[in-house]
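*Asks:* Requesting a structural model of the entry that follows:
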Amino acid sequence: MNLPDTDLPNTGLPNHFELRATDGAARTGRLTTPHGVVRTPAFMPVGTAGAMKGMHWREVRDAGADIVLGNTYHLMLRPGAERIAALGGLQTFTGWNGPMLTDSGGFQVMSLADLRKVTEHAVTFRSHIDGAKVELSPERSIEVQRFLGSDIAMQMDECVRLPAERDDIERAMRLSLRWAERSKRAFESAPDGYMLFGIVQGGDIPQLRHASAEGLVEIGFHGYAIGGLAVGEPQTVMLAMIDETAPRLPKERPRYLMGVGTPDDILEAVKRGIDMFDCVMPTRNGRHGVAFTRFGQVNLRNARHADDPRPLDEESSWPSTRNYARAYLHHLVKAGETLGAMLLSEINIAYYQFLMQGIRDAIAHGKFEEFYQRTREDWARGDIAPR
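*Replies:* Just a heads-up that it's a prediction; the model follows:
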């Protein structure tokens, strides 16, 4: 249904998100940033170190992406946030020149850095590049993200891998709430139009998710993310935590499920009211010979493709998906040719954007459930039969 204008809660922050239509819990809208408009639901391709692996930025744009993600941890270590700022900010530095979100760096500190130490003040760690000692506090995380010039910054948080003990999950959640307050204070000097999102933590424990969401809403953010999922738990647990969390977030603000995921994960999360996603999977799987299509995942390493002149999907709107023979893609992958990884990466990003456009159109026309069922049926039917 189309939505009338609604009064926003008094958070003291301007709202840059327009909710255009809903269909059940699924939503479609527009998020206005200093570098352009983002249509939601949106999938953000991940350009970790200021580059999309195996793709040019124009291909990312042509595939339909409105917004991409950059990584605070990697960029602060190399080439350095201050250097990027001196060169005009991340959009100018990379040539993307469109909307960009940066994560806080917290997840990478927890997953990549050696000898890390977490205190109330900050996380201290050794760089995975040269072993240098680095301190990352909520204030420094925001400072780095402001140097980068991202349209959307994320609060500093501590992410705990699942499964984990309740005491550890609660400790990290409470610390993340305190860091959220500090992140917001550090962000107060940002120019108008730039946004800061809070991150709901709480692992797989509903009561902790509730407490985290309620605490963040009380602090007040431009948008809200659900973090700490897709980190080892089954999909059923992830979806259950979305069910517990999304209804407790303001409907007028965007909702971002961090680090997710597969097309199946995205479809299910949209059904539960999520607006934004990111994941390295499209390009990572492309580098390993796997394509995402209307027929599900297709492994081009399999010998069945070696003599097949047919494309991955002759009805696709993306040229590389409909024009290159499976036999050629198979050859490139088996030979270890860089072109194979490049083609499959762009094919995958294009499929993800095709999926998001289909989702947006379906919600706008009140046909999301029909789209949901048809998409799942296509995946279940599987790839076309071998020749």
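*Asks:* where does the chain have low pLDDT?
*Replies:* Applying pLDDT under 70 to the chain flags residues 1-11, 112-114.
*Asks:* centroid residue for this structure?
*Replies:* Asp278 (1.6 Å; Cα atoms, centre = their mean).
*Asks:* so where do the helices sit in the stretch 51-200 of the chain?
*Replies:* 57-62, 72-77, 81-86, 90-94, 106-112, 138-148, 166-187 (DSSP state H, counting those that start in this stretch).
*Asks:* The closest residue to Lys367 other than its chain neighbours: what's it in contact with?
*Replies:* Excluding its sequence neighbours, the residue lying closest to Lys367 (Cβ to Cβ, 6 or more residues apart in numbering) is Asp23, at 7.3 Å. Backbone N, C-alpha and C define where each C-beta goes, glycine included. Neighbour list for Asp23: 1, 362-363, 366-369 [criterion: Cβ atoms under 8 Å, 6 or more residues apart in numbering].
*Asks:* about what we covered before: please render the helices of the stretch 51-200 of the chain as a markdown table that adds distance to Ala327 to the earlier fields.
*Replies:* Formatted as a markdown table, those follow (distance: least, Cβ to Cβ, whole Å):
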| stretch | distance to Ala327 |
| --- | --- |
| helix 57-62 | 23 |
| helix 72-77 | 37 |
| helix 81-86 | 43 |
| helix 90-94 | 35 |
| helix 106-112 | 38 |
| helix 138-148 | 43 |
| helix 166-187 | 49 |
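*Asks:* wait, which of those helices is closest to Phe17?
*Replies:* helix 166-187 (17.1 Å; Cβ to Cβ).
*Asks:* Pull out the buried positions in the closest one.
*Replies:* 169-170, 172-177, 179-184, 186-187 (16 or more other Cβ atoms under 10 Å).
*Asks:* and it, what does it pack onto?
*Replies:* helix 138-148, strand 195-200, helix 206-219 (3 or more Cβ pairs under 8 Å, 6 or more residues apart in numbering; DSSP states H and E).
*Asks:* so of those, which one's packed in deepest?
*Replies:* Counting by mean count of other Cβ atoms under 10 Å, strand 195-200 has the highest mean neighbour count of the helices and strands packed on helix 166-187, with a mean of 28.
*Asks:* which neighbours does it have in its sheet, and in what orientation?
*Replies:* strand 152-154 (parallel), strand 223-226 (parallel) (DSSP bridges).
*Asks:* Point out the most buried one among the ones you listed.
*Replies:* strand 152-154 (a mean of 28).
*Asks:* I'd like the next helix or strand past the longest helix anywhere in the chain.
*Replies:* Ranked by residue count under DSSP state H, the longest helix found in the chain is helix 338-364. With elements assigned by DSSP states H and E, the helix or strand that comes after helix 338-364 is helix 368-381.
*Asks:* In that following helix, which residues are buried?
*Replies:* In helix 368-381, counting by 16+ other Cβ under 10 Å, buried: 368, 371-372, 375, 379.
*Asks:* hang on, the earlier thing: would you list the strands paired with strand 195-200 in a markdown table and tack on distance to Val37?
*Replies:* Shown next, in a markdown table, are the strands paired with strand 195-200 (distance: least, Cβ to Cβ, whole Å):
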| stretch | distance to Val37 |
| --- | --- |
| strand 152-154 | 13 |
| strand 223-226 | 15 |
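*Asks:* Which one, of those, ends up nearest to Gly232?
*Replies:* strand 223-226 (15.5 Å).
*Asks:* got the contact list for the closest one?
*Replies:* So strand 223-226 is in contact with 17, 31, 152, 154, 195, 197-200, 213, 216-217, 241-242, 245-246, 249-250, 253-258, 274, 276, going by Cβ under 8 Å, 6+ apart.
*Asks:* Equivalent analysis for stretch 75-92, please.
*Replies:* In contact with stretch 75-92 (Cβ under 8 Å, 6+ apart) are residues 35, 49-50, 70, 72, 93, 96-98, 100, 102, 105, 127-129, 134, 136, 143-144, 147-150.
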